[in-house]
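A.B. asks: model the structure of this input:
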Amino acid sequence: MLVSTMHRIHVLSICCAYAAIIVSPSPTLAVDLYSQNFESVTLGPIVTYPVMVRERKAWTAAPPAGMTVDNSLMPAGVELSVAAPLAHPIDITVSGLSPATTQVQEAVKAELRDMFLRRSRVAGNDTEHAGMPFLAVPTTFSRSWIDQAISNATGEDRHALSAPLADVNLLRTEIPTLGNVTFI
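C.D. replies: Numbers count the residues shown, from 1 in each chain. Below is the predicted model:
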């Protein structure tokens, strides 16, 4: 059976039209799963003391005035818990920094601050899952990250990391923060 070129072009154009309909999202097919306008919410001062966080008195299940909580779509047996992380300051002692100038010391501190911002995660007890990087999993803050940050400082030629002596294990709800930096 012979198929004319015109017939092939016609069938191809119909297929392309259907593909364009399937591939391009249509506003009529879109569904908003969640939408919230926070522009009208007035925020008050946040005052949380460490003892309040440990006792979980800083958290309340009551929503702000004028807002409601809708748990109708939450799977059965799921309990949502939101709490502020507890700071776990990590003190760092650097010995034998060369050159031991104020400029190099400030560069080391800047690199450490940057590294803590990049590497700090809240520790938790969730099971690690590649598709969910936001889960709070058991966390260890690596000593090698600290050593590398010091080495990355502009002007640093050599150093010895005296503290911490090992990787820092974090408890559930803790987040590592930069503590005191000492140069000896």
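A.B. asks: got the contact list for residue 120?
C.D. replies: 141, 175-177 (C-beta atoms under 8 Å, 6 or more residues apart in numbering). The way it works is simple: take the backbone N, C-alpha and C, and place the C-beta from them, glycine included.
A.B. asks: pull the contacting residues for the spatially closest residue to residue 104 that is not a sequence neighbour.
C.D. replies: Closest residue to residue 104 apart from its sequence neighbours, by C-beta to C-beta, 6 or more residues apart in numbering: residue 155 at 4.3 Å. For residue 155, the contact set (C-beta under 8 Å, 6+ apart) comprises 99, 101, 103-104, 107.
A.B. asks: next, the nearest residue to residue 171 once chain neighbours are set aside: secondary structure please.
C.D. replies: With sequence-adjacent residues excluded and distances taken as C-beta to C-beta, 6+ apart, residue 171 is closest to residue 123, at 6.3 Å. Secondary structure, DSSP: H, G, I helix; E, B strand; the rest coil: residue 123 is coil.
A.B. asks: look up phi and psi at residue 123.
C.D. replies: Residue 123 adopts backbone torsions of phi -80, psi 150, taken as degrees, to the nearest 10.
A.B. asks: now residue 65
C.D. replies: phi -60, psi 130.
A.B. asks: which strands and helices sit next to the lengthiest strand in the chain?
C.D. replies: Longest strand in the chain by number of residues (criterion: DSSP state E): strand 86-98. Applying 3 or more C-beta pairs under 8 Å, 6 or more residues apart in numbering; DSSP states H and E, one finds that strand 86-98 makes contact with helix 50-54, helix 102-119, helix 143-152, strand 158-163, strand 174-183.
A.B. asks: which of the contacts of residue 120 are buried?
C.D. replies: Among the contacts of residue 120, those classed as buried by 16 or more other C-beta atoms under 10 Å are 141, 175-176.
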